[in-house]
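Peer 1: Got a predicted model here, sequence first, then my questions.
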Amino acid sequence: MGVIHKIGRRKTAVARVYVSEGTGAITVNKKELATYFPTATLQYKVLQPMSMTENAGNFDVKVNVYGGGITGQAEAVRMAIARAMCEVNAENRGILKPEGLLTRDPRMVERKKFGQKKARKRFQFSKR
């Protein structure tokens, strides 16, 4: 097996993942996983596809991620790793698909409209 390259997206975050056989080391933007994603929730999201397919210690993962916020980045990385796990073994698709890890979340920030304060909030109307 060579290096598997996959892309994951969420909101405006884009993650490029390079998966190769190894000991289970995960580096995100040349930092360790725990330093880049400090909270346990974000670390769980990133590791979810590997733990579900029981590949937690079998592969080294190198991630380049940019754009968006920290939660969007974590979910983009999760999607890219899930896609890579499907390429490693086709049977993994049946495990990851029902959990929604292979589906691109289409929700984006709604744009601000002119004549309004924000996307949906309007200026206060006064009768006087």
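Peer 2: Sure thing, it's come through. Numbering: from 1, shown residues only.
Peer 1: From P49, how far out is P38?
Peer 2: 20 Å (C-beta to C-beta, to the nearest Å). For the C-beta atoms, the positions are set from N, CA and C on the backbone; glycine is no exception.
Peer 1: what about the two, which has more around it?
Peer 2: P49 (26 against 10; other C-beta atoms under 10 Å).
Peer 1: excluding its backbone neighbours, what's nearest the more buried one?
Peer 2: A82 (3.9 Å; C-beta to C-beta, 6 or more residues apart in numbering).
Peer 1: and what of R122?
Peer 2: Leaving aside its sequence neighbours, R122 sits nearest to Q116 (C-beta to C-beta, 6+ apart; 5.1 Å).
Peer 1: Would you list the phi and psi of the one you found?
Peer 2: Reported as degrees, to the nearest 10, the phi and psi values for Q116 are phi -130, psi 160.
Peer 1: Likewise for F59?
Peer 2: phi -130, psi 140.
Peer 1: For the residue lying closest to it once chain neighbours are set aside, give me its contacts.
Peer 2: Sequence neighbours aside, V19 is the residue nearest to F59 in space, at 5.2 Å (criterion: C-beta to C-beta, 6+ apart). Residues counted as contacts of V19 (C-beta atoms under 8 Å, 6 or more residues apart in numbering) are 3-4, 6, 59-61, 81, 84, 88.
Peer 1: buried stuff in the longest helix anywhere in the chain?
Peer 2: Taking DSSP state H as the assignment, the helix of the chain that covers the most residues is helix 70-88. The neighbour-count check on helix 70-88 (16 or more other C-beta atoms under 10 Å) flags 71-86, 88 as buried.
Peer 1: which residues touch the helix or strand immediately after that helix in the chain?
Peer 2: As assigned by DSSP states H and E, the chain's next helix or strand after helix 70-88 is helix 92-96. Helix 92-96 is contacted by residues 49, 52-53, 82, 85-86, 102 when judged by C-beta under 8 Å, 6+ apart.
Peer 1: Next one: the most centrally placed residue in the chain from G100, what distance?
Peer 2: The chain has A76 as the residue nearest its centroid, 1.9 Å off, counting by C-alpha atoms, centre = their mean. According to C-beta to C-beta, A76 stands 14 Å off from G100.
Peer 1: can you check F123 too?
Peer 2: Applying C-beta to C-beta to F123 and G100 gives a distance of 39 Å.
Peer 1: Thank you, goodbye.
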